[in-house]
Structures are given as structure tokens and as C-alpha cells.
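Asks: The sequence isn't on hand, but the structure is:
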Ligand SMILES: Cc1cc2nc3c(=O)[nH]c(=O)nc-3n(C[C@H](O)[C@H](O)[C@H](O)COP(=O)(O)OP(=O)(O)OC[C@H]3O[C@@H](n4cnc5c(N)ncnc54)[C@H](O)[C@@H]3O)c2cc1C
């Protein structure tokens, strides 16, 4: 260990989506010092990262931690979870679809024990976001995506929505809002919106790039800092005078807790990791938004223009008693056959896809370590499609049927030559379910592994003030604290967690 142990007021672990917000906001006060420990490099000047439409090129590359899933007996065992290793985190990798969580999503959190996180108080945090959130620009609206929206409206009677964030909705089709700059297709990620304007100007903000946090430093039950390894191999203890804020995301936040001896005692004992604090919920409640895919060949090439190749979507509410949408679709202007090809399907020369997605999945997974070596990736067992009533599997089957209805409807029908996958011969519930589950993919929304809850929730990891239960000086703020999954894409929810975390930290400083 180096003699050099720098001290800051706050140590933020992970300069990702939530971490960028927190580091930027805390250092607005020139008297507060913050160190950000970020495993990846900077995104500044990197066109491959900053250009939204290049997002697919990042998957599986040098900026991707790329986590496998465990065997999924009822799902697709080949799913890989991209997690970004770069400043801005997954907001530097993702498609930047920007949905304010629905009021019913926040109210569900409040009901789950997250006191103070209901829809009414959370509204103010959306208003604070610095990201440029705008509807897909007119020049990026592809003709076939427009016709998908019209066909969905015709076939299902759902409203056409212009601006999904304007008011709460239960169903509707339209172009998404995105966090981007349409004039040059540049990201308005967390790093671009929160860190780039200030990172060279604030002496009180230190960003340690290419630096990996591998163990928290605890003094009894108080977090004092974190042990990190720099790119050149140097080991360093970075100390926090006030608090350590863990923002490493839904995979790496529980992973770091577990390697620090904070987690289910029996599991830690079995791996020989000394138990510092028995916290049974760490790694439990692993959530995701899985989806399946239906692919059509088009009559010929489709126009090229797009923001990021999946610019429009659809929400459906099958059950009128449900508080929000219970089925969602992304519309991809590409034939997305990566998973169907494994079952023998071919990629057509030109095509489009609809992807039925489960807004409120009921299956719950689990993240756990398989080794005491911090370099070994954790195991992610999503237990896809294992809920008792098969709500999740049935949602995909309904989705395929609804997608076919839309595909039969003009103005979309005239574009489509044939259904490639699963193919019109597959019509029965069982066979559709089997296909839908085996070709399922993720839209990369893992969450919930350090869930927030009240004192009665034995599996809660943080309290409603984001403090790790039973410890001092340690909070978590990222997608891992989600008690339940929002019905919509989660990034805006994560940014809002970041904004609220700043209030909670400030309130106690
Ligand atoms: C390909 C893809 C597409 C997506 N599309 C959308 C979308 O369109 N809309 C949407 O709402 N959501 C989308 N998501 C999900 C969304 O991006 C994430 O839910 C959200 O960004 C997670 O934020 P976070 O702060 O929890 O974690 P992250 O943003 O992942 O931040 C974690 C940060 O911590 C760093 N880190 C991790 N461990 C360590 C460690 N031990 N030491 C140091 N640093 C560490 C990482 O390098 C990273 O920068 C997508 C995700 C992906 C990957």
C-alpha cells in the first residue's frame, strides 16, 4: 500500500449515470471536495462513445464489462449484459430513451417502504435534470417508424403520443423522447450534461479514471474510504471525511459490498470472505426488462435516417385494472436476428423488428459471487420467466400476437414481405412461448440488487435515505436501489435517484 492516502469529503465510487450527477452537484459548493473513482477512461473527445447512433459498436468491446448470465432453463442462457466501462457509465453506452417514470412507478416504491419517494415529491427532481431531453427530431423520423406508429394506432386504437413525458399514460404509440442533441446526434449523457462543463474548472472535483475500487475500508461499522487499483497497478486507499457514495451500478455495487464482507453471511462464509456485516438482501431482487423479437423482411431497403435505429415504440395495457402499461414494444429499423439465428433462422437482407417487452416482470433473480477473488465476475441468475403464474412468459406470447396484428395493418403492412421469425406457421401458445423465451434478449436494465426499503423489509439493503442498513458513512445511489422496476426505461429514474441523493447528502452535511 502506498503511503499516499488522499482524503476528500465524499468519495463517489463509479462515475456513471448517477455518480456523474452526484459528483457534479456536490462540487457546486467550492468548499466541498469530491473524488470520483471510475473504472473506465474519459468519454471526452471520443466520437465512438459520444455519437448516439454508434451505440451498437460499443457492445462487447473494450469499454464493456460484459457480464454473462447463468444457465436460464426457461430463458436464453446466451444473454450477455453490457455494462459500460467509461465516464458516464451506461448513459455513455445506451440508447438514451428518456422516460420519466410513471406516477404509478414511484407510488409503488413508496408502498414498498421507500418513504418520501412517491410521485409527488419526485416530480421536482425531473425538473432539475440537466440533460437535453427532446422528442426524436423530425429529420430522424424514419418513414417506416412513422408507419409503425400509425398502424399501431389503427390496429389497437391506442392514442398516438407526441412527447411521452408530457403527461402520464397507460397506452400509446409514438416516437420516444431521447437525451441527445439532434443537430449532431451527440449524446446528452450524464457525463456530457453534468461533468464536461465543470470537470476542468473545479479544483474541488478529482476524477480518478481507469481506477478500480475493489474493497471498502471500514472502521468497525463506519465506512472510511475505499481501496483502489490504478491502471499502472498502484494500490491506493482513498479516504472519505464525510461519506462514501457507492454508484457502481446494479452489478458492481452489490459486488463491491460482497467483496467487502457486507452481504449474506452464509454465502460469504462459504467463500472465505470475512463477514463485516450480515446483510441478507445484497444481490437479491435482481430485476430486468427482458423482451422477445419478431422479425419481418421488408420489400426492399428502408430509408437510412434515424437517431439510433429504435426511435419509436408502443405501450399497451391488456388488463384495465393495471395501474400502468403491461406490455411494451420497441420498433427496430433493423432485422434484429442475433438470437433467432441460434435457432436456425436467417437474417433477411432488409428488415424490421418488433420487440414485446415486459414492463413489470414478476420473475426475480439473484446476483452472487463464485469466488473471493475480486477479479472474478459475479454470477447473474435472472431466473427469467420463472414466476409462478407465468405472467412473464404469457406477456411475450400476447406481444407476438399483437405485433402480428399491427404488421397486418396499413400503412405498415405494405412495407413487409414476410414474417421471418418466428414465422407464420408458429401459432400455438406453447410453441410461441418456447420461441419467445429462447430468443429473448435484454434491453440492459438490471436493477434492484441493493433495494431500498423500510425497517420491516429484511431484504432491504438501504433505507429511504439511501444509507446502507447497519453501517455509517455509506450510501448507495444507482439502479441497484430500485425496490421495483419502473414500467418504462430506467435511466431517467437513475438520474433522479442521483439528484435526490444530493439532497439527502446535503441535508446531513
Ligand atoms: C446498451 C444499453 C442500452 C440501454 N438503453 C437504455 C435506454 O435507452 N433508456 C434507458 O432508460 N435505459 C437504458 N439502459 C439502462 C440504463 O443505461 C442504466 O439503467 C443506467 O444507466 C444505470 O445507471 P447506474 O448509475 O446505475 O450505473 P452505470 O451508469 O453503469 O454506472 C456505473 C459506473 O461505475 C463504474 N464502476 C463500476 N464498478 C466499479 C468499480 N468497482 N470501481 C470503479 N468504477 C466502477 C462503471 O465504470 C460505470 O461508469 C441501457 C443500458 C445499456 C447497457
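Replies: Arrived safely. Treat the numbers as computed from the prediction; the structure is a model and nothing was measured.
Asks: Residues of the stretch 251-400 of the chain that sit close to the ligand?
Replies: Residues of the stretch 251-400 of the chain lying close to the ligand by Cβ under 6 Å from any ligand atom are 252, 256. Where C-beta positions appear, they are placed from N, C-alpha and C, glycine not excepted.
Asks: repeat that for 5 Å
Replies: Contact residues, the stretch 251-400 of the chain versus the ligand (Cβ under 5 Å from any ligand atom): residue 252.
Asks: Show me what residue of the stretch 251-400 of the chain gets nearest to the ligand.
Replies: Ranked by Cβ to the nearest ligand atom, the top residue of the stretch 251-400 of the chain for proximity to the ligand is residue 252, at 3.2 Å.
Asks: Give me the local confidence score for residue 96.
Replies: pLDDT recorded at residue 96 is 98.
Asks: Next: residue 5.
Replies: Model confidence at residue 5, given as pLDDT, is 83.
Asks: so who does it touch?
Replies: Neighbour list for residue 5: 225, 236, 237, 238, 239 [criterion: Cβ atoms under 8 Å, 6 or more residues apart in numbering].
Asks: Over to residue 406?
Replies: Contacts for residue 406 (Cβ under 8 Å, 6+ apart) come out as 148, 151, 152, 155, 156, 314, 354, 412.
Asks: quick one: which of those sit in strands?
Replies: When DSSP state E defines the strands, the subset of these inside them is 314, 354.
Asks: Pull out the buried members of the contacts of residue 5.
Replies: Buried members of the contacts of residue 5, counted by 16 or more other Cβ atoms under 10 Å: 225, 236, 237, 238, 239.
Asks: roughly how far is stretch 80-91 from the heart of the chain?
Replies: Here stretch 80-91 is found 9 Å from its chain centre; the criterion is Cα atoms, centre = their mean, to the nearest Å.
Asks: Listing request: residues of this structure with sub-threshold pLDDT.
Replies: Where the chain drops to pLDDT under 70, the residues are 1-4, 507-509.
Asks: Of all residues in it, which one is closest to the ligand?
Replies: For the chain, the residue closest to the ligand is residue 16, as judged by Cβ to the nearest ligand atom, at 1.8 Å.
Asks: neighbours around the residue lying closest to that residue once chain neighbours are set aside, how many?
Replies: Closest residue to residue 16 apart from its sequence neighbours, by Cβ to Cβ, 6 or more residues apart in numbering: residue 89 at 2.1 Å. Neighbour count for residue 89, taken as other Cβ atoms under 10 Å: 33.
Asks: Now for residue 89: which residues touch it?
Replies: Listed by Cβ under 8 Å, 6+ apart, the contact set of residue 89 reads 14, 15, 16, 17, 18, 19, 20, 83, 190, 191, 249.
Asks: Going through those, which ones are buried?
Replies: Buried by 16+ other Cβ under 10 Å: 14, 15, 16, 17, 18, 19, 20, 83, 190, 191, 249, out of the contacts of residue 89.
Asks: Contact partners for the second one?
Replies: Spelled out, it's residue 15. Neighbouring residues of residue 15 by Cβ under 8 Å, 6+ apart: 23, 36-38, 40, 87-89, 191, 195, 207, 209, 247.
Asks: make it 6 Å
Replies: Under the criterion of Cβ atoms under 6 Å, 6 or more residues apart in numbering, the contact list for residue 15 reads 36, 38, 87.
Asks: Count the residues that sit near the first one.
Replies: Yep, that's residue 36 we're talking about. Residue 36 - counted by other Cβ under 10 Å - has 29 other residues nearby.
Asks: The last one too?
Replies: Here the count is done by other Cβ under 10 Å, and residue 87 has 30 residues near it.
Asks: try residue 25
Replies: 21.
Asks: For the closest residue to it other than its chain neighbours, give its distance to residue 94.
Replies: Leaving aside its chain neighbours, residue 25 sits nearest to residue 502 (4.2 Å; criterion: Cβ to Cβ, 6+ apart). Relative to residue 94, residue 502 is positioned 22 Å away (Cβ to Cβ, to the nearest Å).
Asks: picking that back up, dump the contacts of residue 89 to TSV, plus secondary structure.
Replies: Formatted as TSV, those follow (DSSP: H, G, I helix; E, B strand; the rest coil):
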residue	secondary structure
14	coil
15	coil
16	coil
17	helix
18	helix
19	helix
20	helix
83	coil
190	helix
191	helix
249	helix
